[in-house]
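S.K.: Give the three-dimensional model of this entry:
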Amino acid sequence: MQTDQGLGHLKKHGQLLDLEIASAAGIALVQVRKSLAYSMTRGEIFQCSVTHFNGDRRVDGIRRRISGYVPPVAPGRKAGPTKSVPSD
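M.R.: Residues are numbered from 1 along each chain as shown. Coordinates of the predicted model:
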């Protein structure tokens, strides 16, 4: 059941830290890590370790994403090739 909640949350929101999944789903962090580790062994998700700093406080976490998922392009203007002006 908790695996389904974690996977469903990842499918809905894309790539997230395990801390974010635990707080949003209302599941203990240890349970989220166990259930999603099982999903990783089955190839449903992949993960990488990340470290963030909030001021002087170090926060270690694991970022997870559904395998084969590519986040949609963000709305707004995109950087493109610059137009060069010919010099005469």
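
S.K.: And the residue nearest to the spatial centre of the chain, how close does it get to residue 57?
M.R.: Nearest to the mean C-alpha position of the chain, counting by C-alpha atoms, centre = their mean, stands residue 15 at 2.0 Å. From residue 15 across to residue 57, the span is 22 Å (C-beta to C-beta, to the nearest Å). The way it works is simple: take the backbone N, C-alpha and C, and place the C-beta from them, glycine included.

S.K.: what about the residue nearest to the centre of the chain, distance to residue 44?
M.R.: Counting by C-beta to C-beta, the gap from residue 15 to residue 44 is 14 Å.

S.K.: next one: residue 25
M.R.: 16 Å.

S.K.: So what does residue 78 look like in phi/psi?
M.R.: In terms of degrees, to the nearest 10, the main-chain angles of residue 78 are phi -110, psi 150.

S.K.: switch to numbering from 32
M.R.: Sounds good: first residue 32 from here, last item residue 109.

S.K.: ok, it - how many residues close by?
M.R.: Counted by other C-beta atoms under 10 Å, the residues lying close to residue 109 total 7.

S.K.: And the one 3 residues further on, by the same measure?
M.R.: Other residues within reach of residue 112, judged by other C-beta under 10 Å, total 5.

S.K.: which stretches of this protein form strands?
M.R.: In the chain, the strands defined using DSSP state E lie at 47-48, 76-85, 88-97.

S.K.: which one of those strands is the most hemmed in?
M.R.: Neighbour counts averaged per stretch over the strands of the chain are highest for strand 47-48, at a mean of 18; criterion: mean count of other C-beta atoms under 10 Å.

S.K.: strand partners of that one, parallel vs antiparallel please.
M.R.: According to DSSP bridges, strand 47-48 forms sheet pairs with strand 88-97 (antiparallel).

S.K.: Contact partners for residue 78?
M.R.: For residue 78, the contact set (C-beta atoms under 8 Å, 6 or more residues apart in numbering) comprises 67, 71, 93, 94, 95, 96.

S.K.: could the strands of the chain be laid out in TSV, adding mean pLDDT?
M.R.: Shown next, in TSV, are these (pLDDT from 0 to 100):
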stretch	mean pLDDT
strand 47-48	87
strand 76-85	88
strand 88-97	88
